[in-house]
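Asks: Pasting the sequence and the predicted coordinates here, then a few questions.
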Number of protein chains: 2
Amino acid sequence: MNIAILLYDRLTALDAIGPYEVLSRLPDATVTFVAEQPGPKRTDTDRLALVADASLAELAAPDIVLVPGGPGQKALMDGGPVHDWLRAAHETSTWTTSVCTGSLVLAAAGLLAGKQATSHWLALEELGRLGADAVGGRVVFDGKIVTAAGVSAGIDMALALAARVANDQVAQAIQLGIEYDPQPPFDAGSPQRAPAEIVAALRARARSFS
Amino acid sequence: MNIAILLYDRLTALDAIGPYEVLSRLPDATVTFVAEQPGPKRTDTDRLALVADASLAELAAPDIVLVPGGPGQKALMDGGPVHDWLRAAHETSTWTTSVCTGSLVLAAAGLLAGKQATSHWLALEELGRLGADAVGGRVVFDGKIVTAAGVSAGIDMALALAARVANDQVAQAIQLGIEYDPQPPFDAGSPQRAPAEIVAALRARARSFS
């Protein structure tokens, strides 16, 4: 099973690495990081590079496609080789997936028209504008399209996907292997439960997505 | 505030990237990925490289030191430049931290003698053998030493640390920014609650740590 994770400049690292850490532990799975131009891609903080080993053409028909989000998503909204690759890969993929604002790229490529999907909570409006049924939620399955909410939600998505691709026992063994027994020190991870002034502050400084 | 995250061949990516994603969002923080030899480091799956931008000498006195775990930890147990760097950095650091089997490296460098600490659940015995008080737990503070349990626990540790370094509001804003509202599809992330046969299977195929 071939799993392609898209890299690009100014992506958010955890969007890609959370699911990678889960999916790479699936039996008979091979994860490949792909990019329009292989090589190091600087993340959104500019303090780290993740290396893409392969070009899009080298992974033309992956079984699972994963598009992470991050500020660099904006540069991928207007067509181009990534859209062409996504549309072609989606024709034969078993699962086409995204984390965070990666769903905006899927939508811009025309893959989410009328589909139930989610994104980072700050990007749900934009997702709707792009033609998706932006239902929100942490992990959303609609047929073979699976989208996750912001950044860390990719871990939950990948575990849910692992259970579908393999079975519950395999997913549970992966969860235990990465000791994913989350104990956040605060209950502030969603706009519904974070302090209102913190939600407002993040809304006020939200970047534009298009 | 300078934060140094150690990279080395065959590390587990999420051990480093989880805390990076949190700590890099601290106000006035600069995260630098360091290694004995700068350049790309292949992770434990051999399917990804993370790039270390700086040498150990370039970050001789970071405010926060973070050592991730992974199979490559074994090659760091017998002294050498990483131990020398850790011991020197620990003298002036505000926080010396680890994720997963990174605590075994701290212990081998002599920094955990008699200190309360944790590690990946499969490595707790080894941590005790190395002289630490291996109390277990998801995130353990003992003075300025902070250790986290396996892989994904680095996210929880980094949020707890963000609250100490800045304050609760800053940590909560970071948590909301990365939408860390974990909803794992199974309750199998700890050996206490995972199905017994899955715990046994992982124990049976556990790697050696020394």
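Replies: On my side now, so go ahead.

Asks: Do you have the strands of chain A handy? List them.
Replies: Read by DSSP state E, chain A holds these strands, from start to end of the chain: A:2-6, A:30-35, A:39-42, A:49-52, A:54-55, A:64-67, A:95-99, A:116-117, A:133-134, A:139-142, A:145-148.

Asks: Dump those into a markdown table; add distance to residue B:157, mean neighbour count and mean pLDDT as well.
Replies: (Glycine included, C-beta is placed from N, CA and C.) Written out in a markdown table, the entries for these read as follows (distance: least, Cβ to Cβ, whole Å; neighbours: other Cβ atoms under 10 Å in any protein chain shown; pLDDT from 0 to 100):
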| stretch | distance to residue B:157 | mean neighbour count | mean pLDDT |
| --- | --- | --- | --- |
| strand A:2-6 | 25 | 25 | 98 |
| strand A:30-35 | 25 | 21 | 98 |
| strand A:39-42 | 25 | 18 | 98 |
| strand A:49-52 | 22 | 22 | 98 |
| strand A:54-55 | 33 | 15 | 98 |
| strand A:64-67 | 26 | 28 | 98 |
| strand A:95-99 | 22 | 28 | 98 |
| strand A:116-117 | 32 | 24 | 98 |
| strand A:133-134 | 33 | 19 | 98 |
| strand A:139-142 | 24 | 19 | 98 |
| strand A:145-148 | 23 | 28 | 98 |
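
Asks: right, so of these, which gets closest to residue B:133?
Replies: Set against residue B:133 and scored by Cβ to Cβ, the strands of chain A come closest in strand A:49-52, at 36.2 Å.

Asks: okay, the closest one in CSV with CA atoms only?
Replies: These are the backbone C-alpha positions of strand A:49-52, laid out as CSV (Å, rounded to 0.1, in the frame of the first residue of the first chain):
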residue,chain,number,x,y,z
ALA,A,49,12.9,21.5,6.9
LEU,A,50,11.2,18.2,6.0
VAL,A,51,12.6,16.4,3.0
ALA,A,52,10.4,15.3,0.1
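
Asks: How much space separates the residue sitting nearest the centre point of chain A from residue B:151?
Replies: With distances taken as Cα atoms, centre = their mean, residue A:99 lies nearest the centre of chain A, 2.0 Å away. The gap separating residue A:99 from residue B:151 is 18 Å, by Cβ to Cβ, to the nearest Å.

Asks: residues contacting residue A:131?
Replies: The contact partners of residue A:131, by Cβ atoms under 8 Å, 6 or more residues apart in numbering or on different chains, come to A:107, A:112, A:113, A:114.

Asks: Kindly recompute the last result at 10 Å.
Replies: The neighbourhood of residue A:131, defined by Cβ atoms under 10 Å, 6 or more residues apart in numbering or on different chains, consists of A:107, A:108, A:110, A:111, A:112, A:113, A:114, A:115, A:117.

Asks: Give me the distance between the second one and chain B.
Replies: What it means is residue A:108. 21 Å (Cβ to the nearest Cβ, to the nearest Å).
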